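In: Got a sequence here, can you build the structure:
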Amino acid sequence: MTAAVTTASATTTRGAGKTSRRRSAVWLGLTPFAIYVILFLAIPAVLAVGSGFFDSTGTFTFANFSAVTDPSFQADFLNTIVLSAVTAVIGAIVGAVICFALLGTKPDGFLRTVIDSASSVLAQFGGVMLAFAFIATIGAQGVITQLLVQWGLVKNVFNNFEGGTLLYQPWQGLVIPYLYFQIPLMVIVFMPAIAGLKATWGEANATLGGTRFTYWTRIAFPILTPAFFGSLILLFANSFSSYATAAALISQGGLTSLDIKTALVSETVVGKANQAGILALAMVVVMIIVMVAYSALERRASRWRR
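Out: Numbering: from 1, shown residues only. Below is the predicted model:
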């Protein structure tokens, strides 16, 4: 009896030792990523936001919070939210329709593989390259714009806006370029939820006398709702935090991210560089709220994928 207890104890000790070493190996593997996050994400974010609590002489102050009460900032902040909401809703709806259409294809088939690959690439395609592509396409001298001029339609389509074309408007002109990466992102994040619908649920519905309409309205849609709204929130955050494309197309403000750039580098607006930290803080607060909501919905949606 004693020998058996001793053997069991030794086995437990060895198992605990292996588990401890395995955990140490996991943490060691995460060290490079943790260093990257701290050096290139956490520290710059803290420095950027923290700068808003100091003046140009380095003295602690709350005076920079006056930027939040500036009507121009409030208008640009509203533009940023509207742009993010519009592109998120359109991108989520169109992306969800594409995902539904892909249900009829083979998971490892040619069409699904091509769309998945294209979505992965296009979701990351942004910045100056995307801005140039749309300037060359629907800009003032773009290919499509010139065709519309020749056909006599350009005045009705583009020139109703001050500045020549719709593309260069503070937020309306960014809807189309933003959708270029919002829709593929929706396909990437929502497709796993669609693919997670189990065939047995449909079979059970049919066995109990339910119709296809009943299946989608009482089973599929309720299950997919948390995943859909979680993806919608993620698209909102993606648009809200975008900068490079807007900076390349609209360099004179109109969005909060462009206001931050103006406060930092403008040669005409002097003495307001530290207000950029407060503007960044406002964006961080919105992002925190959005990501907390996304995490809650993602946890609820993950229950059905287990």
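In: pLDDT weak spots in the stretch 51-200 of the chain?
Out: 154-166 (pLDDT under 70).
In: buried residues in the strand or helix carrying Asn238?
Out: Using DSSP states H and E, Asn238 maps to helix 221-240. Buried residues in helix 221-240, counted by 16 or more other C-beta atoms under 10 Å: 223-224, 226-240. Where you see a C-beta, it was placed from the backbone N, CA and C, and this is true even at glycine.
In: mind checking how far Leu281 is from Phe65?
Out: Distance, Leu281 to Phe65, by C-beta to C-beta, to the nearest Å: 9 Å.
In: Next: Arg218.
Out: 50 Å.
In: Can you give me the pLDDT of the most centrally placed residue in the chain?
Out: In the chain, the residue lying closest to the centroid (C-alpha atoms, centre = their mean) is Asn238, at 2.2 Å. On the pLDDT scale, Asn238 is placed at 91.
In: Contact partners for it?
Out: Residues in contact with Asn238 (C-beta atoms under 8 Å, 6 or more residues apart in numbering) are Ala88, Phe181, Gln182, Leu185.
In: List buried residues within the residues you listed.
Out: The neighbour count (16+ other C-beta under 10 Å) marks Ala88, Phe181, Gln182, Leu185 as buried among the contacts of Asn238.
In: Summarise which helices and strands the strand or helix carrying the third one is packed against.
Out: Using DSSP H and E, the secondary-structure element containing Gln182 is helix 175-195. Using 3 or more C-beta pairs under 8 Å, 6 or more residues apart in numbering; DSSP states H and E, the elements in contact with helix 175-195 are helix 71-102, helix 110-122, helix 127-138, helix 221-240, helix 244-249.
In: Now render those helices as TSV, adding distance to Ala293.
Out: Supplementary listing: the helices and strands packed on helix 175-195 in TSV, determined by distance: least, C-beta to C-beta, whole Å:
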stretch	distance to Ala293
helix 71-102	13
helix 110-122	24
helix 127-138	27
helix 221-240	5
helix 244-249	24
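In: among those, which is nearest Pro170?
Out: Closest to Pro170 of these is helix 71-102 (C-beta to C-beta; 5.6 Å).
In: relative to helix 110-122, how tilted is the closest one?
Out: With axes from the mean of the first three to the mean of the last three C-alpha atoms, to 10 degrees applied, the angle from helix 71-102 to helix 110-122 works out at 160 degrees.
In: Flag every buried residue along helix 71-102.
Out: Buried residues in helix 71-102, counted by 16+ other C-beta under 10 Å: 73, 76-77, 79-81, 83-84, 86-88, 90-92, 95-96, 98-99, 102.
In: again with stretch 202-218
Out: Residues of stretch 202-218 classed as buried: Gly202, Asn205, Tyr215, Trp216 (neighbour count, 16+ other C-beta under 10 Å).
In: I'd like to know how far the second one sits from Val265.
Out: This points to Asn205. Using C-beta to C-beta, Asn205 is found at 59 Å from Val265.
In: same deal with the third one?
Out: When distances are taken as C-beta to C-beta, Tyr215 and Val265 turn out to be 56 Å apart.
In: Gly58 now?
Out: Distance from Gly58 to Val265, by C-beta to C-beta: 20 Å.
In: cool, Thr225 as well?
Out: From Thr225 over to Val265 the distance is 44 Å, taken as C-beta to C-beta.
In: now Val121
Out: Val121 sits 31 Å away from Val265, going by C-beta to C-beta.
In: any idea of the angle the helix holding Gln182 forms with helix 110-122?
Out: If you take the same axes, to 10 degrees, helix 175-195 sits at 130 degrees to helix 110-122.
In: Alpha carbons of helix 175-195, in CSV - could you do that?
Out: What follows is helix 175-195, C-alpha atoms only, in CSV (Å, rounded to 0.1, in the frame of the first residue of the first chain):
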residue,chain,number,x,y,z
VAL,A,175,-17.0,55.7,-47.9
ILE,A,176,-16.1,53.9,-51.1
PRO,A,177,-12.4,53.6,-50.4
TYR,A,178,-13.1,52.3,-46.9
LEU,A,179,-15.6,49.8,-48.1
TYR,A,180,-12.8,48.4,-50.3
PHE,A,181,-11.2,46.9,-47.1
GLN,A,182,-14.2,46.7,-44.8
ILE,A,183,-16.2,44.2,-46.9
PRO,A,184,-13.2,41.7,-47.2
LEU,A,185,-12.6,42.1,-43.5
MET,A,186,-16.3,41.2,-42.8
VAL,A,187,-15.9,38.1,-45.0
ILE,A,188,-12.9,37.0,-43.0
VAL,A,189,-14.4,37.5,-39.5
PHE,A,190,-18.0,36.4,-40.2
MET,A,191,-17.3,33.4,-42.4
PRO,A,192,-16.3,31.1,-39.5
ALA,A,193,-19.6,31.9,-37.8
ILE,A,194,-21.5,31.0,-40.9
ALA,A,195,-19.5,27.8,-41.5
